[in-house]
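Enquirer: Return atomic coordinates for the entry below.
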Amino acid sequence: MLISRSSTMNSCVDLIKSLPFSSEVTICSVLPICTLLALYGKSELFSVIEMAYAEMSSEKSGRASLAILITLILDEMESPSESYTLLTLIETCIEWLKEMIPSVHNRDDIIEHVISAPKKETVLTASLVSLMTVAFPRIAEENKQLKLLISFLYQLLELYALPEWVVHSVVDCALTEMATAMGLSVSEFLYKHGSYIVHHVAIAARSRSEHDHAPVVLWAVLDKVDDRRLYSSVKHIVEDLLQALDRFKQDFCILVMRSMLSFISAVGRWFPELKPREVDESCSVNEDEDEEVMEVKRKELPPPIADVEHVLLRTKHLLSSPHLPIRMLAMRILREGLYVLRYFDDALLPMVHQNWEALINRFSDKELEIREEALKVVVQMVSVSKTFVYRRVRYQLWPILEKWVISNRLHMFASGTLAYRLQLLVIRSIADIWIGIE
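Expert: Below is the predicted model:
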């Protein structure tokens, strides 16, 4: 297998050709055979594909090899007039892909990153994705193609839950290839089918057996789509996932938090220019005291900003979670959310106030990565709220930072350690904090 991700893969077929074969078989010896098979004619060729499909269905061990052969054959042939065999093949491959999705996701109680070595399942996943990517453009019936395409896209985006970068590469290739075939970018392609995908996400979020798949697909879509019009489709899913978090508790938390981070980041990309309107002042008469009182109504927030505020309100208690990964995600959500709220003081300043105590307590956590993330949030708070946090920084945070700088010296730590990185961040952040307040 390749040892690193490469930007030279232009298609799934190129990626398949780069895979090593067993028994000293080389791609150079396989390609001429596939080219000849593609030249036999449509009827004979489909007989070959049907035999290969029957063999794949009966024997799991040979699926990857047969999928690669069919992919290379289809890549050499023109679009067939009859596509029933391809439809059946794709439907079955989608079911096989579902078996590749992990049943257990990242745990909330430990911080880890599993680097798994490529294995047989990795090659099988890559070969099935490549086969379907090549087969889809050769299906003539558009109505059947659309239904299968949505199912395929949903399963394709779920594969980002797998830890193998090889799988991520083939998913990226598949999305790029299908989008290019339609004359679209990946962002435009996913937006075009976004409402269908989000509908599947909504159904999965309410399912007891598939609720943990929904956030993976959602954050994959949000991270790749740059069209703000997708907001109208995904805004309802946010509340569904937050409610699912309440129902399924800790088993579901880290996945929902990850999707909320992607949602807030997407809102920041989609609506960077949103700003509040003029303050709406209204006069009212106090009947008891017979005096006129000026009331300043809280400005109504634009829906995207209101949704971000809602997410921050629902996740702020997780800053004190006993689980390190959850605290990390909660602080990243807060940092990103504060930036999105930067023009809306009515929402921003209460959010700073409500999160300050939990945030300042994170500087006492023993995990250095938590302290590092907390400091980044403080820098963001200062940047967006200015003098609002002056007293808090001066009397609560500064003594902590001053103690760190005085008691620790950079030369005491190796340059590659987390302690060195934290101390360097403290020194660099001091200027940003005080300049921001001034």
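
Enquirer: Show me the helices in the stretch 51-200 of the chain, by range?
Expert: Using DSSP state H, counting those that start in this stretch, the helices of the stretch 51-200 of the chain run over 63-76, 84-98, 120-135, 142-158, 165-181, 186-192, 194-205.

Enquirer: Chain neighbours aside, what residue packs nearest to residue 144?
Expert: Computed as CB to CB, 6 or more residues apart in numbering, the closest residue to residue 144 that is not its neighbour in sequence is residue 87, at 6.0 Å. For every residue, glycine as well, the C-beta is placed using N, CA and C.

Enquirer: Would you agree the one you found is in contact with residue 147?
Expert: No: Residue 87 is beyond contact range of residue 147, at 9.9 Å (criterion: CB atoms under 8 Å).

Enquirer: Compare these two and say which is more crowded by neighbours.
Expert: Using other CB atoms under 10 Å, the more surrounded residue of residue 87 and residue 147 is residue 87, with 17 against 14.

Enquirer: which residues sit in contact with the more buried one?
Expert: Remark: with contacts taken as CB atoms under 8 Å, 6 or more residues apart in numbering, residue 87 is in contact with 139, 141, 144, 148.

Enquirer: where's it relative to residue 151, distance?
Expert: Distance of residue 87 to residue 151, given as CB to CB, to the nearest Å: 12 Å.

Enquirer: contacts for the one helix or strand residue 305 maps to?
Expert: In this structure, residue 305 sits in helix 303-315 according to DSSP states H and E. By CB under 8 Å, 6+ apart, the surrounding residues in contact with helix 303-315 are 231, 235, 238-239, 242, 257, 260, 263-264, 267, 270-271, 274, 301, 330, 333-334, 337, 340-341, 344, 347, 351, 355.

Enquirer: Let's see that with 7 Å instead.
Expert: 231, 235, 238, 242, 257, 260, 263-264, 267, 271, 274, 301, 330, 333-334, 337, 340-341, 344, 347, 351 (CB atoms under 7 Å, 6 or more residues apart in numbering).

Enquirer: Check those residues for burial and list the buried ones.
Expert: Neighbour counting by 16 or more other CB atoms under 10 Å classes 231, 235, 238, 242, 257, 260, 263-264, 267, 271, 274, 301, 330, 333-334, 337, 340-341, 344, 347, 351 among these as buried.

Enquirer: Most widely separated two among the contacts of residue 87?
Expert: Farthest-apart pair in these is 141 and 148; separation 9.7 Å (CB to CB).

Enquirer: So if I had to pick from those two, which one is more boxed in?
Expert: Between residue 141 and residue 148, residue 148 has the larger neighbour count (other CB under 10 Å), namely 20 against 12.

Enquirer: Just give the nearest non-adjacent residue to that one, would you?
Expert: Leaving aside its sequence neighbours, residue 148 sits nearest to residue 90 (CB to CB, 6+ apart; 5.5 Å).

Enquirer: again with residue 255
Expert: Distance criterion CB to CB, 6+ apart; nearest residue to residue 255, sequence neighbours excluded, is residue 215 at 4.1 Å.

Enquirer: OK, contacts around residue 155?
Expert: 94, 97-98.
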